[in-house]
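J.: Here is a sequence with its predicted model. Questions after.
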There are 2 protein chains.
Amino acid sequence: MNKPQVPDFLKNIRIVLARPNHPGNIGSAARAMKTMGLTRLYLVEPKVFPSDEANALASGAVDVLESATVVASLAEALSDVTVACALTSRRRELTTPLSTPRETTPELVARARDGEQVALVFGNETFGLSIEEVEQCNRLVTIPGNPDYFSLNLAMAVQVMTYELFSHTGVDVEYLRPESETASLGEVEGFCQHLDQTMEAIGYYRRRNSERLMRRMRALFNRSGMLRDEVDILRGLMKQIQRVADGHEHDGTA
Amino acid sequence: MNKPQVPDFLKNIRIVLARPNHPGNIGSAARAMKTMGLTRLYLVEPKVFPSDEANALASGAVDVLESATVVASLAEALSDVTVACALTSRRRELTTPLSTPRETTPELVARARDGEQVALVFGNETFGLSIEEVEQCNRLVTIPGNPDYFSLNLAMAVQVMTYELFSHTGVDVEYLRPESETASLGEVEGFCQHLDQTMEAIGYYRRRNSERLMRRMRALFNRSGMLRDEVDILRGLMKQIQRVADGHEHDGTA
């Protein structure tokens, strides 16, 4: 299976960092974005940008930093956006409904696919988003987590949101799966009968309930998801056992 | 709504870092774990541990580092484990089926709930898991992402996996939602009729298709998820408009 493409519509989803303090976080966020196929980064009044520290932490995602848009206000970053999600971990006395990344993402993906511009807005490391910033957004998103320790780092929050987005693109890890040849139920049953004959032939069933034993063995091998070459190896083993039991040589030349 | 508890069964899920190089990553991983309610960290042959750098990056999660178990081999970290997931981003010529965090997590949560010990195993930052390490696990998990830039940092991978786990615990962000009083369809309709009368009374409908206009307005307000106090504000406005139209004073004293 060929390596899939990053879906084109992800370019319609931007990450907005509002007033980030630490250049390292900008770099880590860029890296997090790129691992999940996102490229459009907006920085609202970054304290330091560009910087060597951001470039170092971006690792192979310096291109995301180089094409980043620096703006003077959140309004500027959102002017052409139809859905802006404010990431927040605090209880807010707002009437905008609060949702989780998993609840929100299907709508975001659908809108981005339709060509709408979508933004995920993250606040300052220490203070989060101000109430004025939140009010410029039309969605409120909270990443679920430990109610007693809600200390998700800025770049970690970007990673979780972009992972959630990517997981709804339909791009799977299918291309990484080795081609495997799962044995059919018939092939597994063929092996089980071979096993049954062997156990009978070598006298293992003596004083034992052969039906019950074979039921357990059938259950085991049916649930194991046997591959064809595993069936072959085991049937080869059964043959050799019977050969040995028949008094032939043990060297496999029979 | 009260703040929920972190489910107790999460203590049956451990994070295993195999041969981590950078103390900072150990600290960031501990922080990531704690944000998602996990506490049990196993370190297989860490290059440096304990360290000030790990403590600094753990932020409020130093307790996770302090209770971490340092072992000399992966086998030791897994001896009482029934399901061990090897995190890998490479194509491996292995017969263990490859799955995504979202596919795997329901089984992990179910087993941990039943009291089984579950492990998520992460490899060295540079080399990942060795084939020998992968073979000691009975699940292979790959985080989906950009096929052209698969450069998820170690602690980021821990964050994504633990986020995925936590999202299956059933602990929601419900307790963070402000109590809101959504208007019923009858209340929205009451307002719409009030709007209709007002538009009629002030002569807005002249030469316009009043039915079509009201259909659009009804659709808008029905989909807006109006709250009760929003209905009240708008009905107050309608009253004032009619007052003004009737030639009364504009100061609201009528």
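T.: Now that the structure is in, tell me what you want to look at.

J.: Pull the distance from stretch A:207-224 to the chain's centre.
T.: The chain centroid and the centroid of stretch A:207-224 are separated by 37 Å under Cα atoms, centre = their mean, to the nearest Å.

J.: which outside residues touch that stretch?
T.: Contacts to stretch A:207-224, defined as Cβ atoms under 8 Å, 6 or more residues apart in numbering or on different chains, come from residues A:L185, A:V188, A:E189, A:F191, A:C192, A:L195, A:D196, A:M199, A:E200, A:Y205. Yep, even glycine has a C-beta here, placed from its N, CA and C like the rest.

J.: Distance of A:T182 relative to A:R228?
T.: Between A:T182 and A:R228 the computed distance is 7 Å (Cβ to Cβ, to the nearest Å).

J.: Neighbour-wise, give me the winner out of the contacts of stretch A:207-224.
T.: Counting neighbours by other Cβ atoms under 10 Å in any protein chain shown, A:F191 comes out on top of those with 22 neighbours.

J.: Give me the spatial nearest neighbour of that one, chain neighbours excluded.
T.: Once flanking residues are discounted, A:F191 sits nearest to A:V231: 5.0 Å by Cβ to Cβ, 6 or more residues apart in numbering or on different chains.

J.: May I have the secondary structure class of the one you found?
T.: In the three-state summary, A:V231 is assigned as helix, counting by DSSP: H, G, I helix; E, B strand; the rest coil.

J.: How about the contacts made by it?
T.: A:A183, A:E187, A:V188, A:G190, A:F191.

J.: Tell me where the stretch 101-250 of chain A is predicted with low confidence.
T.: By pLDDT under 70, the low-scoring segments of the stretch 101-250 of chain A are A:248-250.

J.: what does it put close to chain B?
T.: Applying Cβ under 8 Å from any Cβ of the partner chain, one finds that the stretch 101-250 of chain A approaches chain B through A:102, A:142-153, A:155-156, A:159-160, A:163, A:166-167, A:171-173, A:175-178, A:180, A:225, A:227, A:230.

J.: filter those residues to the buried ones?
T.: Among those, those classed as buried by 16 or more other Cβ atoms under 10 Å in any protein chain shown are A:102, A:142-147, A:149-153, A:155-156, A:159-160, A:163, A:166-167, A:171, A:173, A:176-177, A:180, A:230.

J.: ok so, going back, okay, and which of the contacts of A:V231 map to helices?
T.: A:E187, A:V188, A:G190, A:F191 (DSSP state H).

J.: Switch these over to JSON lines; also include distance to A:P7.
T.: Shown next, in JSON lines, are the ones in helices among the contacts of A:V231 (distance: Cβ to Cβ, whole Å):
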{"residue": "A:E187", "distance to A:P7": "38"}
{"residue": "A:V188", "distance to A:P7": "39"}
{"residue": "A:G190", "distance to A:P7": "44"}
{"residue": "A:F191", "distance to A:P7": "43"}
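
J.: Checking the closest residue to A:A61 other than its chain neighbours next. Helix, strand or coil?
T.: Among residues not flanking A:A61 along the chain, A:K34 sits closest, at 3.9 Å (Cβ to Cβ, 6+ apart). In three-state terms, and counting by three-state DSSP, A:K34 is helix.

J.: could you measure A:K34 against A:F9, distance?
T.: A:K34 is 16 Å from A:F9, by Cβ to Cβ.

J.: neighbour-wise, which of those two wins?
T.: Neighbours were counted for A:K34 and for A:F9 using other Cβ under 10 Å; A:K34 has more, 27 against 17.

J.: Contacts only, for the more buried one.
T.: Contact partners of A:K34, counting by Cβ under 8 Å, 6+ apart, are A:G60, A:A61, A:D63, A:V64, B:N146, B:Y149, B:S151.

J.: Pick the one among those residues closest to B:A77.
T.: Closest approach between these and B:A77, by Cβ to Cβ: B:S151, at 25.7 Å.

J.: need the strands for the stretch 51-200 of chain A, in chain order.
T.: A:69-71, A:83-87, A:98-99, A:118-122, A:139-141 (DSSP state E, counting those that start in this stretch).

J.: Give the other helices and strands that the last one contacts.
T.: In other words, strand A:139-141. With contacts defined as 3 or more Cβ pairs under 8 Å, 6 or more residues apart in numbering or on different chains; DSSP states H and E, the packing partners of strand A:139-141 are strand A:83-87, strand A:98-99, helix A:101-113.

J.: Would you mind finding the most buried of these?
T.: strand A:83-87 (a mean of 24; mean count of other Cβ atoms under 10 Å in any protein chain shown).

J.: That one close to chain B?
T.: No - Strand A:83-87 lies apart from chain B when judged by Cβ under 8 Å from any Cβ; the minimum separation is 11.9 Å.
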